[in-house]
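[1] Curious how this folds, go ahead:
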Amino acid sequence: MVVINTYRDLFVWQKSMKLVTNIYKNTATFPQSENYGLTSQIRRCAISIPSNIAEGYGRNSTGDYKRFLRISMGSLFELQTQIEIAFNLNYISKDIFQEILSDTNELDRMLSSLISKIKD
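    Predicted coordinates for the structure are as follows:
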């Protein structure tokens, strides 16, 4: 059995941190004209996912925790949309797009499971 002492012990937080790193690496090659547009928006969405998991964990109520996990989920869906836009604009390859989409789909399942397991 895994003991959770901090949000850092949550697999969903660890996986989302890896996603952020991957997003930063893959958006580094976007056109400079996108620095304040799509690049910035994609990075902010990605950062929002583990940040809200951590913030929710630190709250003193399960209701707040679930609310922040749902915010993470919203950021995840926003990220999926923006990554597809980047793919459509040929900023990322099909392989990178599919890799990121697969990672986000796994995070979707993990977040959904965690939200359903938290009792109000």
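[2] which residues does the most centrally placed residue in the chain contact?
    The residue lying closest to the centre of the chain (Cα atoms, centre = their mean) is Ile49, at 3.9 Å. Shown in contact with Ile49 (Cβ atoms under 8 Å, 6 or more residues apart in numbering): Ser16, Leu19, Val20, Ser72, Ser75, Leu76, Leu79, Leu107. In short, each C-beta sits where N, CA and C put it, glycine included.
[3] That one: which element?
    Using DSSP states H and E, Ile49 falls within helix 38-58.
[4] and the angle from the very next helix or strand once past that helix to helix 38-58?
    For helix 38-58, the following helix or strand on the C-terminal side (DSSP H and E) is helix 62-88. When axes from the mean of the first three to the mean of the last three Cα atoms, to 10 degrees is applied, the directions of helix 62-88 and helix 38-58 differ by 160 degrees.
[5] buried ones in helix 62-88?
    65-66, 68-69, 71-73, 75-76, 78-80, 82-83, 86-87 (16 or more other Cβ atoms under 10 Å).
[6] ok, now stretch 92-111?
    Within stretch 92-111, the residues that count as buried by 16+ other Cβ under 10 Å are Ile92, Ile96, Phe97, Ile100, Asp103, Thr104, Leu107, Met110, Leu111.
[7] so how far is Met110 from the closest residue in space to the third one that isn't next to it in sequence?
    Sequence neighbours aside, Phe87 is the residue nearest to Phe97 in space, at 4.1 Å (criterion: Cβ to Cβ, 6 or more residues apart in numbering). Plainly put, Phe87 is 23 Å away from Met110 if you go by Cβ to Cβ, to the nearest Å.
[8] likewise Val20?
    To Met110, Val20 is 15 Å away according to Cβ to Cβ.
[9] got a list of what Glu34 touches?
    Glu34 neighbours (Cβ under 8 Å, 6+ apart): Ser40, Tyr91.
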